[in-house]
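# Requesting a structural model of the entry that follows:
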Amino acid sequence: MTDKMPAPPPPIALLATDAPLRSKPSNYPQPYAARMSGRQKRVLGELFGLSNFGVNLTRLAPGAVSSLRHAHSRQDEFVYILEGRPTLLTDAGRTLLSPGMCAGFRAGSGDGHCLVNESDADVLYLEVGDRTPGDEGSYPDDDLQAVMVDGRWVFAHKDGSPY
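Got it, this is the predicted structure:
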């Protein structure tokens, strides 16, 4: 018999920058995970026990990207720029963002998107996404597809073969 300590209660409030960094830098399989170098996420929503949507405070070092360019089948996403000047890449092209600007990505639109830090200063932004079951991710620039299974992403090649 093992005695388990009860989990500590979630905090009432905290400085977002004091939240721990996500322990796993990327969920992508290799070689894609290596492309996330320079990205740091602080998973804020989970600290408070939120389960319907996620909130991350994400920092991109110069040259880093937020993710592979992707689109969700069922998940809405939203980003709000706090610091820096990232470039938003979408099917429509490139849009330079600055602090105070935001962007939203409607579920099912098929519009692949990501942020790229092409500047010489860090970028800091909030990202918010829902957790609709059965979500799928498509990656127009890479041989990758993703399906949300039991709360985690399962990745495969576009032909369906697993990584």
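# Chain neighbours aside, what residue packs nearest to Thr95?
Leu88 (4.4 Å; C-beta to C-beta, 6 or more residues apart in numbering). Backbone N, C-alpha and C define where each C-beta goes, glycine included.
# Just the pLDDT at that neighbour, thanks.
Reading off the confidence values, Leu88 has pLDDT 98.
# which residues of this structure score low on pLDDT?
1-3 (pLDDT under 70).
# what about the helices in it?
Under the criterion DSSP state H, the chain contains helices at 44-47.
# So which residues of it form strands?
Secondary structure of the chain (DSSP state E): strands located at 39-43, 53-60, 71-72, 77-83, 87-90, 93-96, 102-105, 114-116, 123-130, 136-138, 145-149, 152-156.
# who are the neighbours in contact with the residue nearest to Thr95?
Applying C-beta atoms under 8 Å, 6 or more residues apart in numbering to Leu88 gives the contacts 94-97, 103, 113-115.
# and if we set it to 7 Å?
Taking C-beta atoms under 7 Å, 6 or more residues apart in numbering, we find Leu88 in contact with 95, 97, 103, 113, 115.
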